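Enquirer: Structure for the following, please:
(2 chains, ligands or ions: 2)
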There are 2 protein chains.
Amino acid sequence: MNFISRLFKKASHVESKWLPGPVGDMLRSAGIATTTTVPLSTKLVTTTTHVGLDLTTGELVTSSLEDEFTAILVCLDAALQNAGVKGGLGDAHKITAYLLDPADEPTLQKIFRERYPGNSPAWGTVIVPAIVVPNMRAEVQAEAMILRSFVTEPYPGTMAYEAKPSADGYTYTKKTGLVGGLHTYGVIQPEYRVRKTDNDIPWEAIVIGAGYAGLTAARDLVKAGKKTLLLEARDRVGGRTWSAEVDGTTFEMGGTWVSHVHGRLFAEMERYGLKDEISMTRTENGGCDYFTLDTGSGSRKFTHKEAGEMTARAWRIFINIDGNNGRDICPLPYSTLGNSRVSADKVKAVDQLSCRDRIEQIKDQLTADELALLESLVPHCGGGSVEDIGFLEMLRAQALGSYDISTFEEIWTLYKIREGQSTLARCIFDDAVRLGLQYSFKSPIKSISEREGIVSVISTSNKTYSAQRVVNTIPIAVLPDIHFDPPLSPLRQEAIKINQVDYLTKIHAEVEGDLRGLRGCTWPGDFLYIYGDGFCAGGKSTRITSFAGDNRGKLDPLKEPERLETALRRFHPMEIKKVVFHDWVSDPYAKAGAAWYRAGFLTKYLAELQKRHGNVLMANADWAHGWKGFIEGAVEQGALAADTVLNELGVLGANAALGEYQSESGL
Amino acid sequence: MNFISRLFKKASHVESKWLPGPVGDMLRSAGIATTTTVPLSTKLVTTTTHVGLDLTTGELVTSSLEDEFTAILVCLDAALQNAGVKGGLGDAHKITAYLLDPADEPTLQKIFRERYPGNSPAWGTVIVPAIVVPNMRAEVQAEAMILRSFVTEPYPGTMAYEAKPSADGYTYTKKTGLVGGLHTYGVIQPEYRVRKTDNDIPWEAIVIGAGYAGLTAARDLVKAGKKTLLLEARDRVGGRTWSAEVDGTTFEMGGTWVSHVHGRLFAEMERYGLKDEISMTRTENGGCDYFTLDTGSGSRKFTHKEAGEMTARAWRIFINIDGNNGRDICPLPYSTLGNSRVSADKVKAVDQLSCRDRIEQIKDQLTADELALLESLVPHCGGGSVEDIGFLEMLRAQALGSYDISTFEEIWTLYKIREGQSTLARCIFDDAVRLGLQYSFKSPIKSISEREGIVSVISTSNKTYSAQRVVNTIPIAVLPDIHFDPPLSPLRQEAIKINQVDYLTKIHAEVEGDLRGLRGCTWPGDFLYIYGDGFCAGGKSTRITSFAGDNRGKLDPLKEPERLETALRRFHPMEIKKVVFHDWVSDPYAKAGAAWYRAGFLTKYLAELQKRHGNVLMANADWAHGWKGFIEGAVEQGALAADTVLNELGVLGANAALGEYQSESGL
Ligand SMILES: Cc1cc2nc3c(=O)[nH]c(=O)nc-3n(C[C@H](O)[C@H](O)[C@H](O)COP(=O)(O)OP(=O)(O)OC[C@H]3O[C@@H](n4cnc5c(N)ncnc54)[C@H](O)[C@@H]3O)c2cc1C
Ligand SMILES: Cc1cc2nc3c(=O)[nH]c(=O)nc-3n(C[C@H](O)[C@H](O)[C@H](O)COP(=O)(O)OP(=O)(O)OC[C@H]3O[C@@H](n4cnc5c(N)ncnc54)[C@H](O)[C@@H]3O)c2cc1C
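Expert: Ligands and ions are numbered 1, 2, ... in the order given. As a prediction, the model looks like this:
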């Protein structure tokens, strides 16, 4: 019987329990559990063998064979109930009896049957030469399952949202100069959580990247039971979407604005109770409630309404290439080509135009101010120059936003998650961890190779992980750093070489006083758009958010941070307390902003980028079907990739407990 | 050792395997398996005890103690590999050795350690007085897990989309008269699939209703491993959304049109590969390409554009109660009240208006035709009279559709799932069945009661099912038929008593020739709106879809089906081959159309309807946060309810295999 104490030694998640009272105490002092419970999909409970002990006194029961055996069964019954098996021995599916004398078996079985008439467990009787306890004639062990699943515990260290220092982001003040590293809820500590033995066999899935695409995929995979490893280069979740906590104020460093029109993202917000936890960028009647337009020839002030109308007029003319506000060219924006309403050739023809080409066609219809607003709005949306961004990109964005610019503000630049994007990212991540996700942060990947269906992933420090499927969420601009074997398709390689064109800079500042109403656009020159974005903590200073287009070679915020201040003051005189930003262009794991492409790119490469590469699913907002270049697109891509993996590897679901079915009607 | 043959007898999904060759053959003839495998979340594999047999010859190995023991281990290793444990004995977590002589144990363990150096299983040695096979000194049994999960098989009978006869729906022709029952992919056969033993303990979850809300909830629940029972009154899935297949043509009998703006629904379409499987109601340049307006004083023809512009003008004036196209009153349409932008009082004030009240305010600004179009569009959308439908209902719908009627066609009445809504419903259902869903159709529920946290559900034929959580998706109009114990809250009871107001009739017809361009509106009178809806199978006749508002007491399609023909011909002379429809008003499990409410209802009752009732989650499109009264809202409600259940019951996810973690960096 000595093997019992070592039973299930390998699985260290096994829970041992002892009966309260003398029987349990005796076992405890011998280092043997009354029961051990193994968390499978159901729980499997095994009892230690029991001899006939009186449950209350702990004394041996030797008055008669019947009494001894009854005492054993009473012990086992209590033991199982104590471990959570509601029906006790009546629910046991396996009984093993060790008897001295074969002739005693009928007695034991008779007593069992009388006490548990409905139950017919698998029964094993082993005749043994001796029972460890002198004078006793039997030891019995039982095994049962707890059919209801259990509430998993949050992994210690997660779930508590405390902003911790990340290596990402910068603050700048005249006094301190440029300082790297901001606090965020997105930092994960401990940074490594991998079970020692789990890396010996291939993982079911590895997810590379903990942005929204990777988080969504990882959560969906573990929720359906897949043993999944998440590998992330940074020290935090969220990728190009994260919020820094600076002196009590939340700054959105990348992806920011949300809308119910972003159905999958909004569903995540609903799921984690954030649907109504909204704050707004625009503050009506806030200080400096006007729109500054500075087109180089000096700065003028407009009401927000005037500026909006000028922009809208220019934009409507710009978009209306088909006389139908884009509906003819982009009737089904989730299906750029190959949809049922417009021929591929027609779309390809429009895709030959850059935004500059399109502006050339219509600029005569615009006033100088309207033209400036249009020429700045394009890079504000797409982060690149009007020359670089394809016109179809803007048309598609318009189609997604219901074919009119009137929805622009509320979809693109108005609503934020009050507690910051990193809160939502943490909700998804912590949910996944609770569901069994294993992970390693600060683990940049350098190569992905596949042999005989198994994908191996190698980190820059030469650790290898392998999996049946990999969900790779590395952005297009970073893909050139990854070695693929077998190599990516020539068409995809071509696309990656051309790359995207969004090299925006997004700069925040904390400025003295109330500038919450401020909006403006300076174009051309160092900055593009500015938004007063609510008060900072304390209510005496304003959070400012501003965007520049592609400034590479012109304004490097890391080299000339003081010029950021100058640029901001172009909109309005302001007392800048600090500048806060993330430099996406120099970031080795982003290398650019959200993905927007050149003329000709979407119709030639988008479908190719979406394809899988063998057992590597490629999932990133950079090539989403719908809201490409948005958080919504990241969630879409992660969810679809997880679906594919789950379909291919199979999901046990609720099949664990399935047995024989009745097909005749029973209700 | 005789207990092995009965091991796991209770779990009838256990798979027995025999080694090919003499060793396996011997066991097979004795009725004992070489291995038995139990599908848990991981698989647990147990071997039969093995004595020292030569794997190739099947002969006893007695040459030496070492040889005998090695032979045993070789057998076990092969046995485990044969059962799918890749690492064989090297992966075993439990070894049980039955030995004659304690002195032999070190030898056995030494051989084991030499052969499987990395593995340290739980090891039990039992000293026995005899080994069944003469001359042998040991029998050994091993247990291991297969850590990768397995691909589940589709349940036989599902997955093959064959239209089968349902009791639902009607056809009418002069010749046959009214005939009940149409074919649909939505019919599920066998109608009952419940494991005999699973109903003895409470289910983890019961889902009542197999509409989109119930299907989504059930699929999400089983995917995360919850033992779930789906109970549905009808013989088919889809509830108020289903498609009939009549002579090769698909007719959408209820919920029809889809859009990427419906993010959760569209995500389901993406998931099941239906994103691009779209057909359109409107056929440009189809026959009869004009809009008929018949306001009682004769019928006039307009171009579609003219009719669209008249409607849009009227609608914009109607909606614009706040001077901001509804944005001020309904800035965040998923949060009618309690959002951060508009005070509850302001919204409640607007909610006092019925559509008739609002029309009274603005009718002077409209032409007679515009007024007729507006007065008919309201009941077309909301299925009730302008008196019955609250104005806030229309404002909310407008807000969801991006604050302008220009998106109306493409969101409300243009795109369909080409193979019919029942195809998508079947995709979700079949996925759920594959994941272990158990179900019973033709099982109307009459009561729902809760005692000590366990919910009992009783069918009209007095079968009782109980569960830890119930997701109830019965529509508001049917809730009065359900007995709740404890009773529903007084406020909810009040809401249910007031009920919704959508009593629309939707009628299809197959008509001779090409009427695909036909559109029109006859108002007031028997019918409201008509749409040419593509060719029928064969391409020689047109599918017509038409809508009436609340016709109760005026036109009963079951009593005067011939009047439907007359009504249709009011739009255009037509040769009607057959009329096809579902009478939602007389349907005992719908009793009404999609849910639209009276003035004052949304602000007073919507939040109450969304609340749970103890352990009964209430989930139906009728009270969705966002697209209430749409398929989108059904998916939202089902998903949120499943989330709640999963959070409360806990999900094992990928925790099954978790053991000790490393927290130091390993990459
Ligand atoms: C300044 C800015 C503003 C934006 N504003 C908005 C907005 O308002 N609304 C909106 O919806 N969207 C916005 N976006 C876009 C949005 O942020 C992105 O589309 C989205 O976050 C992308 O998510 P993803 O998971 O697809 O990719 P990412 O977030 O880039 O995730 C990829 C992950 O992979 C990791 N990674 C990269 N290389 C490696 C490697 N070699 N090894 C391991 N891990 C690696 C990265 O660190 C990252 O965590 C904005 C983006 C930027 C930059
Ligand atoms: C004619 C019509 C046209 C529509 N057009 C559109 C459209 O174009 N686009 C759109 O998005 N939406 C449309 N809708 C609305 C859409 O169909 C519904 O909002 C949606 O289908 C509701 O789904 P649900 O799962 O919430 O409820 P239901 O579909 O009603 O599901 C409830 C289920 O519960 C079952 N049930 C009821 N009582 C019992 C009981 N006692 N016991 C057991 N089961 C019971 C029912 O049989 C049903 O299967 C339309 C609706 C109608 C009627």
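Enquirer: Name the SS class of the closest residue to ligand 2 within the stretch 351-500 of chain A, please.
Expert: Nearest to ligand 2, among the residues of the stretch 351-500 of chain A, is A:Ser402, at 16.7 Å (Cβ to the nearest ligand atom). (C-beta placed from N, C-alpha, C; glycine too.) Three-state assignment for A:Ser402 (DSSP: H, G, I helix; E, B strand; the rest coil): coil.
Enquirer: so it makes contact with B:Asp404?
Expert: Yes: using Cβ atoms under 8 Å, A:Ser402 is in contact with B:Asp404, at 7.5 Å.
Enquirer: More neighbours: these two, which one.
Expert: A:Ser402 (23 against 19; other Cβ atoms under 10 Å in any protein chain shown).
Enquirer: ok, now which ones touch the more buried one?
Expert: A:Val261, B:Val261, B:Gly401, B:Ser402, B:Asp404, B:Ser406, B:Thr407 (Cβ atoms under 8 Å, 6 or more residues apart in numbering or on different chains).
Enquirer: quick one: which two of those residues are the most distant?
Expert: Within the contacts of A:Ser402, A:Val261 and B:Ser406 form the most distant pair, 15.0 Å apart (Cβ to Cβ).
Enquirer: thinking again about what came up before, I'd like to know which of the contacts of A:Ser402 is nearest to A:Glu562.
Expert: Distances from A:Glu562 to these, taken by Cβ to Cβ, are shortest for A:Val261, at 39.1 Å.
Enquirer: Now do the SS call for the nearest residue in space to that closest one that is not next to it in sequence.
Expert: Spatial nearest neighbour of A:Val261, excluding adjacent residues (Cβ to Cβ, 6 or more residues apart in numbering or on different chains): A:Ile411 at 5.3 Å. Counting by three-state DSSP, the backbone at A:Ile411 sits in helix.
Enquirer: so A:Ile411 touches A:Gly401, yeah?
Expert: Yes: at 5.0 Å, A:Ile411 counts as touching A:Gly401 under the criterion of Cβ under 8 Å.
Enquirer: residues shared between the contacts of those two?
Expert: A:Val261.
Enquirer: And stretch A:130-143, what's buried?
Expert: A:Ile131, A:Met136, A:Arg137, A:Ala138, A:Glu139, A:Val140, A:Gln141, A:Ala142, A:Glu143 (16 or more other Cβ atoms under 10 Å in any protein chain shown).
Enquirer: Take these and keep only those in strands.
Expert: A:Ala138, A:Glu139, A:Val140, A:Gln141, A:Ala142, A:Glu143 (DSSP state E).
Enquirer: Show me which residues of the stretch 151-300 of chain A sit near chain B.
Expert: Residues of the stretch 151-300 of chain A found near chain B, taking Cβ under 8 Å from any Cβ of the partner chain as the criterion, are A:151-152, A:190-199, A:201, A:204, A:221-228, A:231, A:260-264, A:266-267, A:270-271, A:275-276, A:278-280.
Enquirer: Return the residues of the stretch 401-550 of chain A in contact with ligand 1.
Expert: A:Pro444, A:Ile445, A:Thr473, A:Ile474, A:Pro475, A:Val478, A:Leu504, A:Lys506 (Cβ under 6 Å from any ligand atom).
Enquirer: Type out the ChimeraX command that picks the buried ones from those.
Expert: To isolate the buried ones among these in ChimeraX, judged by 16+ other Cβ under 10 Å, type:
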select /A:444,445,473,474,475,478,504,506
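Enquirer: Take stretch A:312-324, keep the C-alpha atoms, and write them as CSV.
Expert: Taking Å, rounded to 0.1, in the frame of the first residue of the first chain, the C-alpha atoms of stretch A:312-324 are listed here in CSV:
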residue,chain,number,x,y,z
ALA,A,312,-16.4,68.0,-44.3
ARG,A,313,-16.9,69.8,-47.6
ALA,A,314,-13.4,69.2,-48.8
TRP,A,315,-13.5,65.6,-47.7
ARG,A,316,-16.8,64.9,-49.4
ILE,A,317,-15.5,66.1,-52.7
PHE,A,318,-12.3,64.2,-52.2
ILE,A,319,-14.0,60.9,-51.5
ASN,A,320,-16.8,61.2,-54.0
ILE,A,321,-14.9,59.6,-56.9
ASP,A,322,-17.8,57.4,-58.0
GLY,A,323,-20.6,59.9,-57.5
ASN,A,324,-21.9,57.7,-54.8
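Enquirer: Could you see whether chain B lies near that stretch?
Expert: No: on the criterion Cβ under 8 Å from any Cβ, stretch A:312-324 is out of touch with chain B, staying 10.7 Å away.
Enquirer: Which of the residues of the stretch 151-300 of chain A next to chain B are buried? Put it as a ChimeraX command.
Expert: Buried residues within those, by 16+ other Cβ under 10 Å, are selected in ChimeraX with:
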select /A:152,190,191,192,193,194,195,198,199,201,204,221,222,223,224,225,226,227,228,231,260,261,262,263,264,266,267,270,271,275,278,279,280
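Enquirer: Fine by me, thanks again.
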